[in-house]
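Enquirer: Starting from these lines, generate the structure:
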Amino acid sequence: MHIPLLQDILILLGFSTIIVFVLQKLKLPSIIGFLLTGIIIGPFGLSLITAVEQVEILSEIGVILLLFVIGMELSLKQLASIKKTVMVGGLLQVGLTAIITGAIYYLLGYSWNESVFVGFMFSLSSTAVVLKTLQDRNEISAPHGKNALAILIFQDIIVVPIMLITPLIAGVSDNVALSVLSLILKFAVVLVITVISTRYVVPNLMHAVAKSNSKELFLLVTITFCFAVAFLTSEIGLSLALGAFIAGLIISESEYSHQATSVILPFRELFTSFFFVSVGMLLDLNFFLGNIPLILLLVLGVLVIKSIVAGLAVAVLNYPTRTVLLTGLSLFQIGEFAFILSRVGIEYGLINEQTNQYFLSVSIVSMILTPFIIIFSERIANKFIGVSKKIGFDPTLVSDKSISELHENKLENHLVIIGYGINGSNLAKAAAANNIPHIIIEMNAEAVRQQKAKGVPILYGDATQDHILQAVNLPDARAAVIAISDNQATEIIIKNIRSYSDSIYLVVRTRYVKETSELIALGADDVIPEEFETSVQIFAHVLQNFLVPENDIDQLVDKVRADNYQLFKSELKLQKSYRPKNIADFNITCLRIVSDSNKFLGKPLNKLNLRANYGITILAIKRKNVMLDTVRPDQILKQGDIVYIQGEQSKVSQFHKMVN
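Expert: Sure, this is the predicted structure:
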């Protein structure tokens, strides 16, 4: 039996595998491979796909799963730390881009509603391509990475209301007021259902399913819930994508969201690959090749306008010029949600087929260029700053007042801390506690304002700039610590510091062990990889749990550090240490007695016969911050005692239940 769709899927997956494999070797995102696959095998390429409509149906499933996972991954608590960038930066970026591009489109002779819609389409960037590229370059936690993430989150959220108001923009309804009221009522109903489901229905449902310990049932319920909500929203006149997004938000507030995301991700990756391949198939190669000069000119215009607007959105939040430039260059492309909007626009007559082909061409070219622009963004930013200084414009964002205050209180033999995250703030507290003169350089304007109000010696600025290092009197400093997440910026700062002083003691924090040798070669005296220190803490705690003597653990840690992390790079033979063989029978733990009445309280231990009756031995008792390490036979247990006991884990657990 011949099944055309099966043949098409085989061709699609086969070509995708080869192309994505090649791009992975070049360290380029898979999405570019899917787009190229669609262009090659599509009806305007080799015409290898016959069931185009069925492939597009599969791509719709990919869109549903994409929005479902985005909804599950959006946590209001996690977003709280970048809420200002999300709301202010995102609103400015989307709003200004929509206004500028819409105005240009309107001046070309198109109607206002078409112009508004096209403006919104061009305002959206590619979450998938940008985050994948930044993740591969370890720049997600860098300042420009966080800004890009925040603005992309706002774009992912705003696309839903844009899709809702598209019929109103198109003027489909004669009674606009009635349409708006209907839209508000529908959204209110959906909101009520969302709140009720989030608080009462989904947590109980997911708990009951999780208790069954059936992975298959958990997967079925998760997918069923996603498609059920998407179907219901579609039936009441809203979009499938909106329903999927709401379904994801509902599950995100439950304690099972992480497991739900993990079981959905493989399906999302598969079906979203169909989506990007289907987008590539829509590109008319004859149209593209016939209009390539104009298309490339439009791509250049999009790059300039979107980069400037995104940069301005970040500059308003008082970030340094370098961060502004890097963020702007990261968000210049047109993204995947714009493709979804374009389909809605065609449906409501807001864009015609020719406009859509220009839009597809510009979008696909900009997405393909994105990894390369991000790779060279450092050089572009540094070049811009260098040229600006030569023509007399200093783009650093440090106030003269801050610098004058530093010169009035000139520091000598001091500590310079670059970055006020967890590591930098803890170091600053330690320096203050020991009366060590220090100064902090930080690029988070809000953090600088808050800490200055508390009297912390902190300066707002970008430490990659010589101007900033001079402001903190670096040549006269005794030590400097670089505690930021941006590896490229760290390398520049090391070079700049060494251009001032070869004698200053320079400690650098980095994320990965593999970056250590390069940073030392650049001039760092000591490099502390978080990856390594985390591993040290893990094996130290594990060895302590297995009752390896503390001095043996200390010797092992010292040996690992002395060997410059060679334990994790090669086979290193370590001295054997003593530990009890029957470790399971030698479990030591502690528990707090919270009960105010039970059969163990108020009785001497020799009357309780704990070893004989319950299989546990009390080694020590902590009472009101006093440790009773010598436990006498006539000692009694009291409420609030912390009891250190030894015994098998099952016996300890049983005793824990009885005593409380």
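
Enquirer: From now on I want contacts and neighbour counts done on CA atoms only, so please keep to that.
Expert: Will do.

Enquirer: can you give me the strands in the stretch 401-550 of the chain?
Expert: 415-418, 438-442, 458-460, 479-482, 505-510, 526-529 (DSSP state E, counting those that start in this stretch).

Enquirer: Save these as JSON lines, and put in mean pLDDT too.
Expert: As requested, these are exported to JSON lines (pLDDT from 0 to 100):
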{"stretch": "strand 415-418", "mean pLDDT": "92"}
{"stretch": "strand 438-442", "mean pLDDT": "90"}
{"stretch": "strand 458-460", "mean pLDDT": "83"}
{"stretch": "strand 479-482", "mean pLDDT": "90"}
{"stretch": "strand 505-510", "mean pLDDT": "88"}
{"stretch": "strand 526-529", "mean pLDDT": "83"}
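
Enquirer: Which stretch among those strands approaches G38 most closely?
Expert: Smallest distance to G38 across the strands of the stretch 401-550 of the chain (Cα to Cα): 39.7 Å, for strand 505-510.

Enquirer: How far away from the center of its chain is that closest one?
Expert: How far strand 505-510 lies from its chain's middle: 25 Å, per Cα atoms, centre = their mean, to the nearest Å.

Enquirer: Which other helices and strands does that strand contact?
Expert: With contacts taken as 3 or more Cα pairs under 8 Å, 6 or more residues apart in numbering; DSSP states H and E, strand 505-510 sits against strand 479-482, strand 526-529.

Enquirer: out of those, deepest packed?
Expert: strand 479-482 (a mean of 22; mean count of other Cα atoms under 10 Å).

Enquirer: Adjacent strands (with direction) for that strand?
Expert: Strand 479-482 has its sheet partners listed here by DSSP bridges as strand 415-418 (parallel), strand 505-510 (parallel).

Enquirer: Flag the shaky bits of the stretch 351-500 of the chain, pLDDT-wise.
Expert: 386-410 (pLDDT under 70).

Enquirer: Swap in 90 and give it another go.
Expert: Applying pLDDT under 90 to the stretch 351-500 of the chain flags residues 351-357, 359-360, 363-364, 367-372, 374-414, 419-437, 442-479, 483-492, 495-496, 498-500.

Enquirer: Of the strands paired with strand 479-482, which stretch is the most buried?
Expert: Highest mean neighbour count among those (mean count of other Cα under 10 Å): strand 415-418, with a mean of 26.

Enquirer: and N625, what are its phi and psi?
Expert: Torsion angles at N625 (phi, psi; degrees, to the nearest 10) stand at phi 70, psi 10.

Enquirer: Correct me if wrong, but L591 is in a strand.
Expert: Yes: according to DSSP: H, G, I helix; E, B strand; the rest coil, L591 belongs to a strand.

Enquirer: I'd like to know how far the residue nearest to M367 when sequence neighbours are not counted sits from E60.
Expert: Spatial nearest neighbour of M367, excluding adjacent residues (Cα to Cα, 6 or more residues apart in numbering): Q333 at 5.7 Å. Q333 sits 22 Å away from E60, going by Cα to Cα, to the nearest Å.

Enquirer: Same question for D284.
Expert: Applying Cα to Cα, the value for D284 to E60 is 21 Å.

Enquirer: next one: L415
Expert: Separation of L415 from E60 (Cα to Cα): 56 Å.

Enquirer: Is it possible to get CSV of the strands of the stretch 401-550 of the chain that adds distance to I621?
Expert: Listed next are the strands of the stretch 401-550 of the chain as CSV, based on distance: least, Cα to Cα, whole Å:
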stretch, distance to I621
strand 415-418, 43
strand 438-442, 44
strand 458-460, 46
strand 479-482, 43
strand 505-510, 41
strand 526-529, 39
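
Enquirer: Show me what the host helix or strand of L297 is packed up against.
Expert: According to DSSP states H and E, L297 maps onto helix 292-315. When contacts are defined as 3+ Cα pairs under 8 Å, 6+ apart, helix 292-315 sits against helix 90-107, helix 321-330, helix 353-390.

Enquirer: A helix includes L46, no?
Expert: No: with three-state DSSP as the criterion, L46 is located in coil rather than a helix.

Enquirer: what about F384, neighbour count?
Expert: Neighbours of F384 under the rule other Cα atoms under 10 Å: 15.

Enquirer: what about it, distance to V309?
Expert: According to Cα to Cα, F384 stands 17 Å off from V309.

Enquirer: try G38
Expert: To V309, G38 is 31 Å away according to Cα to Cα.

Enquirer: Comparing the two, which residue is more hemmed in?
Expert: G38 (30 against 23).

Enquirer: what sits against that one?
Expert: L12, F276, V277, S278, V279, G280, M281, L282 (Cα atoms under 8 Å, 6 or more residues apart in numbering).

Enquirer: which among the residues you listed gets closest to V507?
Expert: Nearest to V507 among those is F276, at 44.7 Å by Cα to Cα.

Enquirer: helices or strands next to whichever helix or strand F274 is part of in the packing?
Expert: Using DSSP H and E, F274 sits within helix 257-282. On a contact count with 3+ Cα pairs under 8 Å, 6+ apart, helix 257-282 meets helix 30-41, helix 52-73, helix 215-235, helix 240-252.

Enquirer: who touches the longest one?
Expert: It stands for helix 52-73. By Cα under 8 Å, 6+ apart, the residues outside helix 52-73 that reach it are 5, 9, 226-227, 230, 240-242, 244-252, 257, 261, 264-265, 267-276, 278.

Enquirer: Mark out where each domain of the protein begins and ends.
Expert: Following automatic domain parsing, one gets these domains for the chain: 4-381, 400-510, 583-659.
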